[in-house]
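Chemist: Here's my sequence, what's the structure:
(2 chains)
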Amino acid sequence: MMLKTEPFVLNIGPVHPSTHGVFRMRATLDGEVIIGLEPVFGYLHRGIEKLAEERTYGGVIPLTDRLDYLASMSNNLAYVLAVEKLAGISVPERAQYLRVIMAELQRIAAFLIAVGAFINDCGAFFTPFLYMFREREKIVDLFEMVSGQRLLYNYMRIGGLSQDVPDEFFPALDRFVRQMPAFIGEYERLLKENEILLARAKGVGILSQEKAVNCSMSGPVLRASGVKWDIRKVDPYLVYDRFEFDVPTGSVGDCYDRYRVRIEEIRQSLRIIKQAMEQIPSGAVKSDVPHLIHPPAGEAYAHIEAPKGELGFYLVSDNSIAPYRCHVRAPSLMNLTTLREMIIGWKIQDAIIIFGSIDITMGEVDR
Amino acid sequence: MIANFGLDLERYWSALPPELPPDWPGGFWWHWLVFTIIIIAFVLGLVMGFIWLERRGMARMQARLGPNRVGPLGLLQPVADAIKVLLKEDIVPDKADKIVHWLAPVVAFAPVLMIFAVIPFQNGALLADLNIGILYVVAISSVSTLGIFMAGWASSNKYSLLAAMRDVAAVVSYEIPVVLALVGVVLLAGSLSLNEIVKAQQIPFILLQPLGFLLFFIGGSAEINRSPFDLLEADSELVAGFHTEFSGMKFAMFYLAEYAEALFLSAIIATLFLAGWRGPLLPPWLWFLIKIIGVFFVIIWIRTTVPRVRIDQLMALAWKFLFPLALINLIITAIQVLAWPEALPWAMIPVNIAIMATLVLLWSKLFKLGWGRVEV
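Modeler: Predicted structure coming up:
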């Protein structure tokens, strides 16, 4: 005799430990298997794009901190690059190098959280997460030295940086860069060949190369699918064309590849920081830019390789002191678009880790 | 002096007036009363200790401090938690099945206490030396699953129900390899009574039954839902699982049951595979305690190290890996017992360990874990 069964709807989120903020998935379940999924977002909408129209160009920088709050430096950077492009402002070389160092440190910090949270979603009881937080703490300390803040740095300025780094910054950075490979080795020993992690993450949530490109995915998610696309290489900004580094790619595009790509990128970021520390010139860190700028009427788009993917700012100016329009091309939102295809057919547990492996920040998705 | 201290049968018999006849019927109740108190104090005390040990030990492994504010080294933290939980409001959801919701924590916790009736704290020091001890343990330990399923059902919460379903599936599957692994021990000892099994362990059975130990440890961890098989309270997926809708003392009962089950698993492993209370120099009850804490420490260690398996992988592990290996282990043990009917010689230890290593390595190459994506 066949029992009559019916699918049921499970609301995952918006308040749930694994939704990385206030994301909500309306999952239709057949037993444990997900047969339908409807992502719902908008719980963290603060109207940042609209608020930006009410502020001066310089006053928008603190707002960008609050987009991807795990990578504030990158957000600052993308925005100031857009403004500098719009107004045709040049930046002193030392500031460019410092921006690279900050952006790469931020990438390491963001990837540590991404990988830690992903392993946590796999069910490891906080151990890798806390180990990675221990190292992130050192980066946050470095950022505190330069900006006085530990989360929302507000460090970049139009035409440079808010201030030069203090004297103790470079010794501390050097210590960090020398220590970090040993810690990465520790994570590798704990996780790389972990039988359960392999069983959970290998072959799960595969995103094909065509699908990834067609859905305009970017960042580690795209590279894990095997596409060698890194804005630092294909459209170099700042002084990235002066550094030697590789673009690690995955082969299958599953959760495990996404985790591997992030770990490899931490290594590449350390390489970039090392080279930047050797090459950095002395001099001013801010060009002479007035407090209120009036960029000529027009539009500009600048994009960078943020930890989550391609972060772009599209600015329209009407020659006033505030942007006429400020649009954010948020990688987290774009990367979410394939979530449904990746999750359907997998179980709830897989859904959680697939979502975790995309690595989104809700602050950026909802803006 | 310390060697005499402990659960001495003579000692509590001598508390009775001497003029009583040896077949005095009250003696049974006197024995019953003393051991009930001992068991409750032992379980609750050790559970408190375990909670502290797990939180501090885990903190140490995770490069943080852990609770260190209440009392020296945070030792009183479990007490503070208990007081907090007692004072919490008991919330019952509107749509809950009230009676089942009320009954579930009791059904989950009581059987765990009952198991300790047959566990010897030292030679002969146990509430009831049942000659079917292991059978009793296996039967009673399955009852708490019923409590968890009642909790999941009565909460009328989808997360709780999912967790309860997972638990029933896991326990039904893992019961079989666990029992088959125990049969190997029974064959060697020639008795189902736990006290007799301890007496039979001239060599700890972990050496003679390495494969059986491994199977029992894995299967037991899955049955009591410890990591990496903690699918029913997978906090990254099901938040709190079956006890989402429980608060106050009801939640505390589940919490106690969880740790009491870990204590029961440690005690059973210590008794069946690590020679229970046997050991040189130290008093037997202390040996028993040391072994329990040692096993529990390994359980904590595993919890902090490995991620969680998926539900289909959990099932595959039980049916494709543990079950066949348990059968093979049973056959090998039977042959060995037939060949050496008195007692297995020391020479069998390296042979058995080699057999275990070969089988486990071979089988792990052969079997495929889980079945992945389902087409919908």
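
Chemist: who touches the residue of the stretch 101-250 of chain A found nearest chain B in this structure?
Modeler: Residue nearest to chain B within the stretch 101-250 of chain A: A:Gly123 (2.5 Å; Cβ to the nearest Cβ). Where you see a C-beta, it was placed from the backbone N, CA and C, and this is true even at glycine. When contacts are counted by Cβ atoms under 8 Å, 6 or more residues apart in numbering or on different chains, A:Gly123 touches A:200, A:349, B:227-228, B:230, B:234, B:236-237, B:307-309.

Chemist: can you list those residues in JSON lines and add neighbour count and pLDDT?
Modeler: Formatted as JSON lines, those follow (neighbours: other Cβ atoms under 10 Å in any protein chain shown; pLDDT from 0 to 100):
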{"residue": "A:Arg200", "neighbour count": "27", "pLDDT": "85"}
{"residue": "A:Gln349", "neighbour count": "26", "pLDDT": "85"}
{"residue": "B:Ser227", "neighbour count": "23", "pLDDT": "76"}
{"residue": "B:Pro228", "neighbour count": "25", "pLDDT": "81"}
{"residue": "B:Asp230", "neighbour count": "21", "pLDDT": "79"}
{"residue": "B:Ala234", "neighbour count": "27", "pLDDT": "68"}
{"residue": "B:Ser236", "neighbour count": "23", "pLDDT": "69"}
{"residue": "B:Glu237", "neighbour count": "27", "pLDDT": "73"}
{"residue": "B:Pro307", "neighbour count": "27", "pLDDT": "86"}
{"residue": "B:Arg308", "neighbour count": "25", "pLDDT": "86"}
{"residue": "B:Val309", "neighbour count": "26", "pLDDT": "85"}
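
Chemist: what's around the nearest residue to A:Asp359 once chain neighbours are set aside, how many residues?
Modeler: Counting by Cβ to Cβ, 6 or more residues apart in numbering or on different chains, A:Asp359 lies nearest to A:Ala114, which is 4.0 Å off, once chain neighbours are set aside. Other residues near A:Ala114 come to 26 when the count uses other Cβ atoms under 10 Å in any protein chain shown.

Chemist: Which neighbouring elements make contact with the one helix or strand A:Ala114 maps to?
Modeler: When elements are assigned from DSSP states H and E, A:Ala114 belongs to helix A:93-122. Packing partners of helix A:93-122 (3 or more Cβ pairs under 8 Å, 6 or more residues apart in numbering or on different chains; DSSP states H and E): helix A:72-87, helix A:127-147, strand A:160-161, helix A:169-191, helix A:195-201, helix A:255-279, helix A:348-358.

Chemist: Off-centre distance for it?
Modeler: Its chain's C-alpha centre and that of helix A:93-122 lie 8 Å apart, by Cα atoms, centre = their mean, to the nearest Å.

Chemist: Measure how that helix sits relative to helix A:127-147, angle-wise.
Modeler: Angle of helix A:93-122 versus helix A:127-147, following axes from the mean of the first three to the mean of the last three Cα atoms, to 10 degrees, is 160 degrees.

Chemist: just to revisit the earlier point, now do the contacts for the residue nearest to A:Asp359.
Modeler: The neighbours of A:Ala114, taking Cβ under 8 Å, 6+ apart as the test, are A:220, A:262, A:307, A:359.

Chemist: Just give the nearest non-adjacent residue to the first one, would you?
Modeler: Beyond its immediate neighbours in the sequence, the residue positioned closest to A:Pro220 (Cβ to Cβ, 6+ apart) is A:Val261, lying 4.6 Å away.

Chemist: Run through the residues that contact B:Ile218.
Modeler: Counting by Cβ under 8 Å, 6+ apart, B:Ile218 touches B:317, B:322.
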